[in-house]
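1. let's see this in three dimensions:
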Amino acid sequence: MILRPPSRLLWQSLYSWVALPLALGVLWLAAMKNAKLHDTLRGRRGLWRRLEAQLAGRDPTRPLVWFHVASAGEYLQALPVLERLLENGVQCALTVTSVSGYRWAMKRREDLAGLIVIDYLPVDLPRHMRRMLTMLRPAALVYVKYDLWPNLVWGARRAGVPQFLVSATLHEKSWRWKSALARHFYRTVYEAIDHIFAASDGDRARFLRTAPGHPGVRVLGDTRFDSVLERKATIAPPPLPPYVGERTVMVVGSSWPPDEARIFPVLLEALERFPALMLLVVPHEIGEAHLREIEATFAGHPTTRFTRLEQTPPAPARVLLVDTVGQLSALYAYAALAYVGGAFTTGVHNVMEPSAMGAPAIFGPFYQNSPEAVELVSRGLAFSIADEEQFRRALFPLLDDPARCRELGGAAAAYVAANAGAAQRAFEKIRAALA
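-> Now for the predicted structure:
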């Protein structure tokens, strides 16, 4: 690959000395009112000291692969590849952008022998990235999906570190693709990455139009399929009361208020019409005020919270309100069908999880952010709704015909299984680069 030095140097100067300082100023102001953002920035305090302590356990005779992910979702996408490398004696380091990614990674640190570093990525200043590369001395650098920090990418290129973008996506509605200026900028970034493993044919075509002639762009698939299937095989669902097994369980996963405003009235009708129906409601936000609002909505039916299951109400609950985090993916194991939130706001959340468990999924209108949701809808294995009436028309036939519901769920699970394998393919390509 041939970089165009004038273009790259121009963009590097504009990015490092104009765009980045402005973005950091806005970020610090926003963090004053956003607790998660504040925690993310605060987490970087003491970074260099922590890195030195963690790297003291490194075996200098073995290669180290540095993974960088944005948040929890990308961490889970990286995990199947990372685990394969660890199982083959490769040391790994993991940096994250957000506090949620850091917390998810720390949960499993003890289970991942050979993962010697888990920490935040510093601010993308050239001097910071030079220091990171000097400290870690990676044999390869792996990014996931689209979270690329230009000074890190350019710096690794200058240092001769092989770079991989796994499960690479470039959505047709992304500003990185729609804006000619952004495409020109990202061309200098993509050309510095040796291997871009696109999630789909469409992603590959958009990468090649952004970086024409790039020899390392190929379709390897999306490691999220592997991640979901491996979690399905290894994570036991939390124990629920025995009566749950006798019910038709619908999981409402990661619902936002705009979702709830449209689906809760119909779910109240469904509870009246279908006596065997039970709801597991897992809201995206579990603040006390919001939980009480949901309890008030379903006040006419026996309702309890997940954390109060030991204090079982006199009658078995019809509505179980999940008031803890980290349970959703495992709870889909109980689902006959599911509603997946987010598609009335910025975009649908993970539809692979219920699909892998054999539960047909329903969600709102904004699902183009999820290629698998688009594919499931096109196959008639998932359903998009825009209002209460469409939700009623999607939901009630599934509840009326359990056999049809199971058939659709089985086909959705088969679709997820058929698309697995990207993690193994990516692992083999990365391992070959270490030889």
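2. distance of residue 63 relative to residue 281?
-> Note on residue 63: its distance to residue 281, by CB to CB, to the nearest Å, is 46 Å. For every residue, glycine as well, the C-beta is placed using N, CA and C.
3. so which of these two has more stuff around it?
-> residue 281 (27 against 18; other CB atoms under 10 Å).
4. so who does that one touch?
-> Residue 281 makes contact with 252, 255, 294, 319-322 under the criterion CB atoms under 8 Å, 6 or more residues apart in numbering.
5. secondary structure class for residue 237?
-> Classification of residue 237 using DSSP: H, G, I helix; E, B strand; the rest coil returns coil.
6. I'd guessed it sits against residue 330; true?
-> Yes - applying CB atoms under 8 Å, one finds residue 237 in contact with residue 330, separated by 4.4 Å.
7. what about these two, which has more around it?
-> Between residue 237 and residue 330, residue 330 has the larger neighbour count (other CB under 10 Å), namely 16 against 13.
8. would you say the more buried one is within a helix?
-> Yes - checked against three-state DSSP, residue 330 lies within a helix.
9. measure it to residue 251 for me?
-> The gap separating residue 330 from residue 251 is 10 Å, by CB to CB.
10. for residue 385, which non-adjacent residue is closest in space?
-> Leaving aside its chain neighbours, residue 385 sits nearest to residue 391 (4.5 Å; criterion: CB to CB, 6 or more residues apart in numbering).
11. which residues touch that neighbour?
-> Residue 391 touches 262-263, 266, 362, 385, counting by CB under 8 Å, 6+ apart.
12. so which of the residues you listed belong to strands?
-> residue 362 (DSSP state E).
13. so which residues of the stretch 301-435 of the chain form strands?
-> For the stretch 301-435 of the chain, the strands defined by DSSP state E, counting those that start in this stretch occupy 303-305, 319-321, 337-340, 361-363, 382-384.
14. can you give the contact residues for the first one?
-> To tie it back to what came earlier, the one meant is strand 303-305. With CB under 8 Å, 6+ apart as the test, strand 303-305 has contacts from 291, 295, 311-313, 317-323.
15. likewise the longest one?
-> Applying CB under 8 Å, 6+ apart, the contact partners of strand 337-340 are 250-255, 259, 263, 332, 348-351, 354, 359-363, 395, 398-399, 405, 409.
16. parallel or antiparallel, list what pairs with that strand.
-> Strand 337-340 pairs in its sheet with strand 248-255 (parallel), strand 361-363 (parallel), by DSSP bridges.
17. make TSV out of those and add mean neighbour count and distance to residue 123.
-> Converted to TSV, these look like this (neighbours: other CB atoms under 10 Å; distance: least, CB to CB, whole Å):
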stretch	mean neighbour count	distance to residue 123
strand 248-255	24	30
strand 361-363	29	36
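18. save the ones you listed as JSON lines, and put in mean pLDDT and distance to residue 47 too.
-> Putting those into JSON lines (pLDDT from 0 to 100; distance: least, CB to CB, whole Å) gives the following:
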{"stretch": "strand 248-255", "mean pLDDT": "98", "distance to residue 47": "31"}
{"stretch": "strand 361-363", "mean pLDDT": "98", "distance to residue 47": "38"}
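19. same list (the ones you listed) but as TSV, adding distance to residue 44.
-> Formatted as TSV, the strands paired with strand 337-340 follow (distance: least, CB to CB, whole Å):
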stretch	distance to residue 44
strand 248-255	28
strand 361-363	35
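20. which of these sits closest to residue 307?
-> Ranking those by distance to residue 307, with CB to CB as the measure, places strand 248-255 first at 17.4 Å.
21. what about dumping the CA coordinates of that closest one to CSV?
-> Output of strand 248-255 as CSV, limited to C-alpha atoms (Å, rounded to 0.1, in the frame of the first residue of the first chain):
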residue,chain,number,x,y,z
THR,A,248,-45.2,-18.3,27.6
VAL,A,249,-42.4,-15.9,28.4
MET,A,250,-41.8,-12.7,26.5
VAL,A,251,-38.6,-10.8,27.2
VAL,A,252,-38.7,-7.1,26.7
GLY,A,253,-35.0,-6.3,26.3
SER,A,254,-33.2,-3.0,26.8
SER,A,255,-36.4,-0.9,26.4
